[in-house]
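Colleague: Here is a sequence with its predicted model. Questions after.
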Amino acid sequence: MSRYDSGFREPPWVMGSPKEVMDWVEASHPSKKDKKHEFEKKYLTNLHIKFDLDVEKRIIKSPCKICRVIGLNRIEEDFDLIQITELVLRGLAKAKFRNTAKIVVDGKVLYEHPEKKSDLRKTIDDIDEFSNQISKAENVEIVAILDDVKKCYATIKINKVHSPKEHSVDINIKGQIHSDIYHTFLNYLKESIGLKEETS
């Protein structure tokens, strides 16, 4: 505000109210406030991703003629189930998962310790304990827990033998996972296993 149309703004106490005085003081000499710009973390919720491995596949024909007609043939994939299981566990460890809650092979529970908070690395080191059962299996399911700011459960199913509608790798994440952690896990699997994303 100016009395003489000079374009120079005069202090408000020349013509203004106490509020205008304070507004002018703040505008002229702003108080030094610590403005913390916290990075807002982006979380992804309840993800379901399916992948196929880039390997040879063969069709196992059902002995039942009706089953073959309605598409109940099965597919067998040419990969080492133990190796893929170990790589998935390493991917989980790289993405800061610490707890292997469960390992299920062909529907049979081989390992279950959801109460252990940091057993994933040991599970990787001791994978040979399960090698005999896994090498003969059709599928392996791993349940891992990420206890970060938010808690989430990842269930990864690796299918060596499956129906045509199923995929090589099926990842189901319940709860919230930070997008960076999720992408770290996914990128590791893509680089080490060679996944081709199908649907999500």
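Modeller: The structure has been received and is ready for your questions.
Colleague: you'd agree Val55 is in a helix?
Modeller: No. Using DSSP: H, G, I helix; E, B strand; the rest coil, the assignment for Val55 is coil, not a helix.
Colleague: where along the chain do the helices fall?
Modeller: In the chain, the helices defined using DSSP state H lie at 18-28, 65-69, 81-94, 120-125, 131-135, 179-193.
Colleague: which other residues reach the fourth one?
Modeller: Going back to what we said before, that points to helix 120-125. Under the contact criterion CB atoms under 8 Å, 6 or more residues apart in numbering, helix 120-125 has outside partners Glu86, Leu89, Arg90, Leu92, Ala93, Phe97, Arg98, Asn99, Thr100, Ile103, Tyr111, Ala144. C-betas here are computed from N, CA, C, even on glycine.
Colleague: so where's this protein shaky on pLDDT?
Modeller: 1-19, 21, 24-25, 27-41, 65-71, 195-200 (pLDDT under 70).
Colleague: Figure out which of the helices of the chain is closest to Leu44.
Modeller: helix 179-193 (5.4 Å; CB to CB).
Colleague: what's near enough to touch Asn46?
Modeller: Going by CB under 8 Å, 6+ apart, Asn46 touches Ile173, Lys174, Gly175.
Colleague: which residues touch the second one?
Modeller: So the one you mean is Lys174. Counting by CB under 8 Å, 6+ apart, the residues that Lys174 touches are Asn46, Cys152, Tyr153, Ala154, Thr155.
Colleague: Recalculate using a threshold of 6 Å.
Modeller: Tyr153 (CB atoms under 6 Å, 6 or more residues apart in numbering).
Colleague: And it, how far from His48?
Modeller: The gap separating Lys174 from His48 is 9 Å, by CB to CB, to the nearest Å.
Colleague: Equivalent analysis for Ala154, please.
Modeller: From Ala154 to His48 the distance is 11 Å (CB to CB).
Colleague: Since that was my last question, I'll sign off now.
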